[in-house]
Each structure stands twice: as structure tokens, then as C-alpha cells.
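Please find the sequence and the predicted model below.
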Protein chains: 2
Amino acid sequence: VAKVTIVGAGVMGTAIAWPLTDNGHQVRLVGTHLDDAAIESCLKRGQHPRLPGRLPSSVMPRFVEELPASVADADIVVTGVSSPGVRWVGQQIGPHLRAGQVVIAVTKGLEVSDEGDLRILPDVMTEAWPATLREKVPVAAIGGPCIAGELAVRRETCVLFGCPSAAVLQQLAATFRTRYYHVWPFDDWIGLEICAALKNAYAIGVGLAEGLPQRSDSRGDGDVPWHNLAAAVFAQACREMAEVLRLQALDPGTAYGPAGAGDLHVTCQGGRNVTLGRWLGSGLGLAEAQRRNAGETTEGVDTVRVMDRALRLWQQRGRAGESAFPLLRTLIAVLVEDQRVALTPAKFFGGEAVTVPSTSAC
Amino acid sequence: VAKVTIVGAGVMGTAIAWPLTDNGHQVRLVGTHLDDAAIESCLKRGQHPRLPGRLPSSVMPRFVEELPASVADADIVVTGVSSPGVRWVGQQIGPHLRAGQVVIAVTKGLEVSDEGDLRILPDVMTEAWPATLREKVPVAAIGGPCIAGELAVRRETCVLFGCPSAAVLQQLAATFRTRYYHVWPFDDWIGLEICAALKNAYAIGVGLAEGLPQRSDSRGDGDVPWHNLAAAVFAQACREMAEVLRLQALDPGTAYGPAGAGDLHVTCQGGRNVTLGRWLGSGLGLAEAQRRNAGETTEGVDTVRVMDRALRLWQQRGRAGESAFPLLRTLIAVLVEDQRVALTPAKFFGGEAVTVPSTSAC
């Protein structure tokens, strides 16, 4: 039996409690200062406000004040804060960690260095840690298609765990894996994390295509969907995710597996990213689309902002040409520059005029 | 201006008339003996019974009796019959073809030889032709995500054209390409055709996962979807399509591009294949699911039957192991052997217990 402390009572952090408690582990769910209402609901009603069903009864919900003690005596710490909270959570847990403990992160996001290298959030989270602590406490991450609300009713789900240490990876997989939460140890954790962030951005792109028929200038055909274009966007999204990995000297194939195409597929089924895309595709401006979309900035928008900066740096350094990433450029135009949606499918797949060799078709 | 004769007035064959007439070509739409009602509707009301909007006014609808003359004086013949009609259409058009003409097929399907080699439908269509005719008249094919009803309202659509002759490919692309019908010449037409058929089969698989929450034994969680599992199925489907291509000594990458992942994505948005899968996933037996699904055998079911035979041959010859193609095996169990749906996600992605190297994750 492991003592597991989840830091951050968002839907994904909380949902991880189901497989862990089903495996008999002792789970403490510690909210951040933003999670007081969720923790209170868990304590009083045994329910998370944004998850179906009842929290497993053995889960111990705790307020942020108990974070230090809850981290100090844990075997495994799961960090489940939102991406802007990643530095904060690293600073909070760092002082209480010691050798023998393991951290696993569910937060999705990206940063980019001044040199144009993408930085995954586990590295951002630990950047303020002393080097000795980074050596002592391994950090892992989770990718692949997993909607929290489905995990919380024990729907079968396939995820990938990544970690620089193969031994830790096997231990974590064995700890979390249940008959419904299927865990694959995956050996490219950087590619896994990059795809986990990019898929939120590209799901907005799929949403753009899906929203187009609702545009006021769509000539009365608004009841005919635009799945053809959305599917082309989906395929181009996978291709661009692969190209990002290639530019980072990582295996592009990760983009075509469960961490890329699979996670993008599930992200297109609903949620704030694809919904924001649909509002924008239907003709709303960015401010109005975000307002209708619960007013929050989605993780996909943050990722597009990061990729905007990355793309500029790649072009400055000659790592990407001006015709590369046509879909990402549309996302930047819409989400950073607040331009009207204009997808450019003729630029997809290397450009319509050229013959596509099958080896580069993906 | 080209004279184009479309043989077969199904939705896809007919929808091709939109880009062709928009490009100023002379289009004759010739029904088969099964299409009399559709041709009559086109003639009398200027409308195809299963497509939105009005048929372009310059299209000339014709009954099957006019097939010989309509083929004989065409520059391009589009064959748009359903897959069981492929031999028939080859026999019908063959005697009237001559050097200088080109045939392009939109029908999707597969056969398998006694040696376990997959045969694409253009080869089946032309098998009864004299060798001299096969040399004289090039045959091409269309793949990629394209729902006919969207093409018929000129929704932007990206497709791949394949043909053994690069010159013919460029000519066809230029003939069909419009501002909304984007055409990529693609250099692996066999892989293109295999994916076009397989995606129908695997869309049934995605439907199985989507239908599961409606099962009577789903413990009252029927309102929570199963997108996580469907996304894992989607990723595994892409992986299995790639593996099929690899076994046929073709580029597996085709399965991860618009012809594979893209076309699978659009096929999962609706239509008879994914709907059949959903009925089966919800717990209905094969006969009842097919009855509710308009009583027709879907192309995906035919493809699963072909792949059942192919897989047996591959195993007999040691080309595939017993753990290969776990998703296809589920499809065979459900659609050929009428077994209850039991997806096996733990067998996906090489098997849950192993560490997935990133290069094989897709």
C-alpha cells in the first residue's frame, strides 16, 4: 500500500483517486488555495462539484494548510494544478520532498526557451528546486486520452506514463494500473508531454472547422456539417504535432499514437478547447467567444501563444520555413492576433499543388 | 472542357458532379439498373434523393440503357457503384473504352487473394479486361475524408487521388480541383485504397466503444460517454491500418495521414458503419443491429469479412502472430462470429505490460 498525496483538486487530479483507491492505496486529496470549495464539497457531501458519482470513501480531502505534512509523508505525490500554477506547486512541494519519493504530474502545458526549445511542465515545476533534490526525486508525467469524468465512473481508459527512470516508470504503472485504468509505460516522456499540450491547441483548430457552417454568411447550408474539413484539419494537426517533435529531435511517431492522435481525438469530443474553436468558427470574435466559453482562458490558447513565440524563434534561426505549420499559423492569427477565421486547407499536407509522397503524407 | 461520364448514381458518384461542373466540364450521370429512382428524381426534380440542394443544372442524368454510348464518348469515366457492383461495372464499361480515356473509381472495398495479398477494387474491376485494354486505359482512385453530402453543398474538402501514372494523376487533379474540392496527387494508390476500405471497418470499432455506455448492465452511468476508450480504439485502429500496410510491403505512414486517420475521423462522425458499431456496443446482436441500421450490410462489415480471411492466411503463413491485430479480432468476433462485444484495450499498443518504445507507439 502506497501513501499518495494529490496536490490540486481539479477534475483530473481528483479523478486519479479512483484507480488509486481501488488498488488499496491511501489517498490524500489536497486542494490549493483555489480549491477550497471543491475540498469542502468533498468533505461534506463526498462529492467533487465537477465530477459524476461519489468520491471513493477512503479518500482524505484536505485544505491547502495541510499540504506540507501531506507531501512530507507521501510515497507518491501527484501534482494536478492548472498550468499557471506549476511553478507555485513546485515551490510548495519542493521543501518537503526527500529521496525515495516520486512525483507524477497531470498538468498539461508548454513553455519555450529563448533559444526556441520547448520546455515541458515537469521541468518548469522543478526549475527552482536545488539540483540535489532534482537528482533525488524522480518526476513522471501522464499522457494519452483521458477525460476525468469518465475515469471517475471507472470507464475503461488507456494512458501513457513517461519518466526518465525506467524503474520508476514500472513502479508507477503497477501502482496506478487497474482493470479499467490501463497504463502503458512510454519511453519518450518529452514527446508525450509536448503532444499532451499541443493537442489542446489543435483541438481548437478542429473546432474552427466544425463551427464554420454556423457562420451568418454560410448561405443557408448551416444544417450541413463540415466534417470533411474538420477531418482534414485533424490529419494536418497530427502532421504538425509530428513536425514539432521532429524539430525538437524527438520521434515524430509519438504524434500518431495514443499520445497524439488518440488524445486529440478525445479532446475533440467536447470540453473548452474544441468548444472555443466552434464559437470562433461560427464567426464570433475572440473576446466574445471566450466570454461564451465560460470566460476562462483555455489551456489550448496558452499553448498557441507559446507556439507563436516558438515559431518566430524557429523561423529566425532557419529551423522552420514560412510555409511550415499552416494550421498553427491560422490558430495564431485567430487566437493571438484576433483575426477572422480563415483556414488554409490548400496549404495542408505539404501544399495542394505538389505530389505527396506517401512517406510524408502523415 | 472534358466530357466526364459518372457511372453509378449513388451519393458519392453523384456528388463528384459538383466540382466537375463548376470547372466547366460536361458531366453525364448514368445510373445503374439499381439507380432508376435516383435518375428519375434528378431528371424530374433536379435533385438527388439522398443529397442536399439541387443538382447542377448542366449535369445530364441518364438511365442505364445509355451507359455504352455515354462511356464510349467520354474523356474520363468515374465509377461510383457500390462495392458488390465493381465486377459488373468493369464488364459494362470495358467494351466501350479506348486509348486516351481515363477511369477513376470512388468505390471503397477490398478483396484478398488465396495467397493472402490484399487486392484493391480497381484491380478487381479490371480483372476481366483484356491485357491490352488494361495497358491502354489508366485507372485512378480517390481517398481521404469526403462525405458526399458536404461536397454537394461545396463544403471545403481535402482528398487524395492515386494512380500508377504520375502524368494521368496531374491531369485528373487539375480536372477535378476547385476552390472547395482540394486534390492532392498521392503516390501510393494501393495504400490509399487499402486505407479507404479499412477505415469503414475500424469506424465500426470506434462505434463499439461509443455504444458501450448504453448497455443495460452499465450501472446507471449511461449518461457518461466512453470517449476515452473510443479514442484508444481510434489510435489502435490507425496502428492496425499501418500494420496492414507494412505487411503488404507498403508505407505504413499512409495510415497516419489524411487517407487513414483523416478518413477514419470523418467516418466516425456519422454514417452506417459507426452507427452499426454503436448499436452493437449497446448490446444488440448482429441481426438486430443490422435491422435497426436500415437493414443493409455496410461496407465495413464486408471489409471485416475480407480481413478475417486475410488474417487467417497471414497466420497460416507466419506473417502475423496470434497477438497481432487485437482490435480487428474483436471486429471479427462481433461481425463474423456474432459474439458479444468485448474490446480488449489491454492488448492495444503492443500490450499493456510492456514498455512502449516511442517509435512503435503509433
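Looks like it came in fine. For clarity, every value in this text was computed on a predicted model and none was experimentally measured.

Do the helix or strand harbouring residue A:332 and chain B come into contact?
Assigned by DSSP states H and E, residue A:332 belongs to helix A:326-335. No: counting by Cβ under 8 Å from any Cβ of the partner chain, chain B has no neighbours in helix A:326-335; the shortest distance is 11.9 Å. In this view, the C-beta of every residue, glycine as well, is placed from N, C-alpha and C.

What would that helix look like as CSV? C-alpha coordinates only.
Provided in CSV are the C-alpha atoms of helix A:326-335 (Å, rounded to 0.1, in the frame of the first residue of the first chain):
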residue,chain,number,x,y,z
PRO,A,326,-0.1,26.4,-41.9
LEU,A,327,-2.7,25.2,-39.3
LEU,A,328,-0.7,26.6,-36.4
ARG,A,329,-0.5,29.9,-38.3
THR,A,330,-4.3,30.0,-38.5
LEU,A,331,-4.5,29.4,-34.8
ILE,A,332,-2.1,32.2,-34.1
ALA,A,333,-3.9,34.6,-36.4
VAL,A,334,-7.2,33.8,-34.7
LEU,A,335,-6.1,33.4,-31.0
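
So which bits of the stretch 201-350 of chain A are right by chain B?
A:213, A:221, A:224-232, A:234-236, A:238-239, A:250-251, A:253-263, A:265-266, A:269-270, A:343, A:345-346, A:348-350.

and the residues you listed, which are buried?
Buried by 16 or more other Cβ atoms under 10 Å in any protein chain shown: A:213, A:221, A:224-232, A:234-236, A:238-239, A:250-251, A:253-263, A:265-266, A:269, A:343, A:345-346, A:348-350, out of those.

So which residue is dead centre in chain A?
residue A:108 (3.4 Å; Cα atoms, centre = their mean).

For that one, give me its contacts.
Residues counted as contacts of residue A:108 (Cβ atoms under 8 Å, 6 or more residues apart in numbering or on different chains) are A:83, A:121, A:193, A:196-197, A:200, A:299.

For those residues, which entry has the maximal number of neighbours?
The residue in those with the most neighbours, by other Cβ atoms under 10 Å in any protein chain shown, is residue A:196 (29 neighbours).

any idea how far it is from residue A:170?
Computed as Cβ to Cβ, to the nearest Å, the residue A:196 to residue A:170 distance reads 21 Å.

SS state for the residue nearest to the centre of chain A?
coil (DSSP: H, G, I helix; E, B strand; the rest coil).

Tell me who's in contact with the nearest residue to it once chain neighbours are set aside.
Once flanking residues are discounted, residue A:108 sits nearest to residue A:196: 4.5 Å by Cβ to Cβ, 6 or more residues apart in numbering or on different chains. Residues counted as contacts of residue A:196 (Cβ under 8 Å, 6+ apart) are A:108, A:141, A:143, A:259, A:263.

So the fourth one lies in a helix, does it not?
Yes: secondary structure assignment places residue A:259 in a helix (three-state DSSP).

quick one: contacts for it?
By Cβ under 8 Å, 6+ apart, the contact list for residue A:259 reads A:143-144, A:160, A:186, A:191-192, A:195-196, B:361.

Least confident of the residues you listed?
Ranked by pLDDT, the contacts of residue A:259 bottom out at residue B:361 (47).

Where does the prediction get shaky in the stretch 201-350 of chain A?
In the predicted model of the stretch 201-350 of chain A, residues A:218-220, A:295-297 satisfy pLDDT under 70.

switch the cut-off to 50
The stretch 201-350 of chain A contains no residues with pLDDT under 50.

what about residue A:70, helix or strand, and which?
Going by DSSP H and E, residue A:70 is part of helix A:67-72.

who does that helix touch, helix- and strand-wise?
strand A:3-7, strand A:26-30, helix A:86-93 (3 or more Cβ pairs under 8 Å, 6 or more residues apart in numbering or on different chains; DSSP states H and E).

Going by neighbour count, which residues in that helix are buried?
A:67, A:70-71.

Same check on stretch A:43-54?
Under the neighbour-count criterion of 16+ other Cβ under 10 Å, stretch A:43-54 has A:48, A:51, A:53 buried.

all strands for chain A, in order.
For chain A, the strands defined by DSSP state E occupy A:3-7, A:26-30, A:60-62, A:76-79, A:102-105, A:110-112, A:118-120, A:139-143, A:157-162, A:181-186.

Export those strands to TSV and append columns for mean neighbour count.
Converted to TSV, these look like this (neighbours: other Cβ atoms under 10 Å in any protein chain shown):
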stretch	mean neighbour count
strand A:3-7	25
strand A:26-30	25
strand A:60-62	20
strand A:76-79	26
strand A:102-105	26
strand A:110-112	21
strand A:118-120	21
strand A:139-143	26
strand A:157-162	28
strand A:181-186	26
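
I'd like to know how many residues surround residue A:187.
22.

measure it to residue B:153 for me?
46 Å.

Show me what the helix holding residue A:332 is in contact with.
So helix A:326-335 is contacted by A:201-202, A:204-205, A:208, A:233, A:236-237, A:240, A:280, A:286, A:301, A:304-305, A:307-308, A:311, A:339-344, A:347-348 (Cβ under 8 Å, 6+ apart).

List buried residues within those.
A:201-202, A:204-205, A:208, A:233, A:236-237, A:240, A:280, A:286, A:301, A:304-305, A:307-308, A:311, A:341, A:343, A:347-348.

In helices, which of those fall?
Secondary structure from DSSP state H places A:201-202, A:204-205, A:208, A:233, A:236-237, A:240, A:280, A:286, A:301, A:304-305, A:307-308, A:311 of those in helices.

thought residue A:185 was touching residue A:174?
No: Residue A:185 is not in contact with residue A:174 according to Cβ atoms under 8 Å; the separation is 9.6 Å.

Report the distance from the helix holding residue A:332 to the chain centre.
19 Å (Cα atoms, centre = their mean, to the nearest Å).

Report the buried residues of that helix.
A:326-335.
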